[in-house]
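Chemist: Sequence isn't available, so here's the structure alone:
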């Protein structure tokens, strides 16, 4: 049984104090319609940043490490109009109109997590998606530039389709344009172009329509299988939730981290069929605070390495460096804060 969870990432980020909201972001706008007009007038593309500015750990890191840096600002100022689509916990930061606009954009762009960023042409047609990347502003700009080349190739193919005389040639050029894009981008945002190809190539001599239908069927089959797995796992997940609320959370709140970790390990031994994701999430989320509370960076890193060594093929193995950065930053921030006064 495979079941993807987000407990690990969410809980690890919660280790950091996320009370600082973004300050006014130089060069960014929250007005989507105005941004489109500006992009059209200045012949630029749009970069839409779907973010949670005062609670999302990776959003805050991306803003601090990339967007606030001069190298990023200089690298994109002549190419992109920057649009912040924010979903803060503190709603007073946004006007009612902006909140309504952002909710609409969230639905239109099918946002499932934060940060999610889209590169779009001036009409707001997406052609690439990106998220947090850890290598600083220069490499982020380099990546954005490479993705903007995708739009240039798409446009060249679409322009060739407009100039072609024969319907089949038009269809072939439209297909060439779509093939420059990620398949999920095509499926989500280019249904109009796919439909046009079907009209131009009624006999499907290119095989494109058949290919699209097969891809959709495969995705639907996978979604159905995932839903069935989730339904089958529901009783176990309910029991896990009850265990966390009744046993682990009180111990965590009391900062009895060793006891909480022991309880969690006993639970895992008693429930060996839990999905690997859940096992790793519980182990890390309940095991790491033991070291973070003691400001033991070396111990935390060693513990993380042991977990990764036991699950080398799990996606968490690729996140090791990021998690270690997060652990270090959390401990350093805690050290910098004044100690709470002792009760008299």
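Modeler: Now that the structure is in, tell me what you want to look at. Every value quoted in this text rests on a predicted model; they were computed, and no experiment measured them. Residues are numbered from 1 along each chain as shown.
Chemist: Test my guess that residue 71 contacts residue 137.
Modeler: Yes - contact criterion CB atoms under 8 Å: residue 71 and residue 137 qualify, at 4.0 Å. Bear in mind the C-beta positions are built from the backbone N, C-alpha and C, glycine included.
Chemist: From the neighbour counts alone, determine which of those two ranks first.
Modeler: residue 137 (19 against 14; other CB atoms under 10 Å).
Chemist: Quick check on the more buried one: phi, psi?
Modeler: Note on residue 137: its backbone torsions stand at phi -70, psi -40 [degrees, to the nearest 10].
Chemist: Residue 69 versus that one, what's the distance?
Modeler: 4 Å (CB to CB, to the nearest Å).
Chemist: Look up how far residue 190 lies from residue 179.
Modeler: 11 Å.
Chemist: same thing with residue 217?
Modeler: Between residue 217 and residue 190 the distance is 18 Å, computed by CB to CB.
Chemist: Of these two, which one has the most company?
Modeler: Just comparing residue 217 and residue 190: by other CB under 10 Å the higher neighbour count belongs to residue 190, 20 against 10.
Chemist: give me the low-pLDDT residue ranges for the chain?
Modeler: 1-24, 338-344 (pLDDT under 70).
Chemist: Okay, strands next: where are they in it?
Modeler: 28-29, 45-51, 80-86, 116-120, 126-130 (DSSP state E).
Chemist: Export those strands as TSV, with columns for distance to residue 275.
Modeler: TSV is the format used below for the strands of the chain (distance: least, CB to CB, whole Å):
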stretch	distance to residue 275
strand 28-29	39
strand 45-51	28
strand 80-86	32
strand 116-120	25
strand 126-130	27
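Chemist: Which among these is found nearest to residue 279?
Modeler: strand 116-120 (27.6 Å; CB to CB).
Chemist: So which other helices or strands are in contact with the closest one?
Modeler: strand 45-51, strand 126-130, helix 137-163 (3 or more CB pairs under 8 Å, 6 or more residues apart in numbering; DSSP states H and E).
Chemist: Among the ones you listed, single out whichever gets nearest to residue 272.
Modeler: strand 126-130 (37.3 Å).
Chemist: remind me, longest helix of the protein?
Modeler: helix 208-243 (DSSP state H).
Chemist: Per the annotation, how does this structure divide into domains?
Modeler: 23-158, 228-332 (automatic domain parsing).
Chemist: Quick one, which of the ones you listed gets closest to residue 205.
Modeler: Of the domains of the chain, nearest to residue 205 by CB to CB is domain 23-158, at 18.1 Å.
Chemist: and stretch 292-302, how far apart are its ends?
Modeler: One end of stretch 292-302 sits 12 Å from the other (CA to CA, to the nearest Å).
Chemist: contacts for that stretch?
Modeler: Identification of contacts with stretch 292-302 by CB atoms under 8 Å, 6 or more residues apart in numbering yields 15, 255, 257, 288, 291, 324, 327-328, 330-331, 334-335.
Chemist: Flag every buried residue along that stretch.
Modeler: For stretch 292-302, a neighbour-count test (16 or more other CB atoms under 10 Å) marks 292, 297, 300-301 as buried.
Chemist: Which pair of these spans the longest distance?
Modeler: 292 and 301 (11.2 Å).
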